[in-house]
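Colleague: Everything below, folded, please.
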Amino acid sequence: MAEINFHQLAQELLKREVEVVTLQGTYTGRLLEVGKDVIVLETRGRMRSTLVAIRIETIVALFRVEHMQRRGPFGFNQEEFEDERDHDHGHDQMESSDH
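Modeller: Have a look, this model is predicted:
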């Protein structure tokens, strides 16, 4: 197996959502650049996106983040909630038509 270095691995993750664990904290965002001694992430805040430069020497781990479906405030997928509600509503209509 050929030896792989950090720069090669990071290049494969360009333009993807990644999580970067550093000695100072963890960052999540889109990997925009891989430089000689820094990487640049675009992180998304509530109102705007921010560019963050992270020194490669401080990185402990770098990995791709898979997109998960958005969850509602109680941990449910909105579509699952609507499907369940429609199912329950249809059940209530059947019971009322039986009487």
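
Colleague: contacts, neighbours, all on C-alpha from now
Modeller: OK.

Colleague: what ranges do the strands span in this protein?
Modeller: With DSSP state E applied, the chain shows strands at 17-22, 26-34, 38-44, 49-55, 59-64, listed in chain order.

Colleague: Export those as CSV, with columns for mean pLDDT and distance to A2.
Modeller: What follows is these, written out as CSV (pLDDT from 0 to 100; distance: least, Cα to Cα, whole Å):
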stretch, mean pLDDT, distance to A2
strand 17-22, 97, 24
strand 26-34, 96, 21
strand 38-44, 95, 24
strand 49-55, 95, 25
strand 59-64, 96, 20
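
Colleague: Quick one, which of these gets closest to H7.
Modeller: For H7, the closest of those is strand 26-34, at 7.0 Å, according to Cα to Cα.

Colleague: on that earlier part again, and the strands of the chain as a markdown table, adding distance to F6?
Modeller: As requested, the strands of the chain are exported to a markdown table (distance: least, Cα to Cα, whole Å):
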| stretch | distance to F6 |
| --- | --- |
| strand 17-22 | 13 |
| strand 26-34 | 10 |
| strand 38-44 | 11 |
| strand 49-55 | 12 |
| strand 59-64 | 9 |
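
Colleague: Mean neighbour count and distance to H7 added to those strands, as a markdown table?
Modeller: Below are these laid out as a markdown table (neighbours: other Cα atoms under 10 Å; distance: least, Cα to Cα, whole Å):
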| stretch | mean neighbour count | distance to H7 |
| --- | --- | --- |
| strand 17-22 | 19 | 14 |
| strand 26-34 | 19 | 7 |
| strand 38-44 | 18 | 9 |
| strand 49-55 | 15 | 12 |
| strand 59-64 | 16 | 11 |
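
Colleague: Figure out which of those is closest to A10.
Modeller: Closest to A10 of the strands of the chain is strand 26-34 (Cα to Cα; 6.7 Å).

Colleague: ok so, going back, out of the strands of the chain, nearest to E3?
Modeller: strand 59-64 (17.3 Å).

Colleague: Partner strands of that closest one and their direction?
Modeller: The pairing partners recorded for strand 59-64 under DSSP bridges are strand 17-22 (antiparallel).

Colleague: Show me the contact partners of the strand it pairs with.
Modeller: Contacts to strand 17-22, defined as Cα atoms under 8 Å, 6 or more residues apart in numbering, come from residues 26-31, 58-66.
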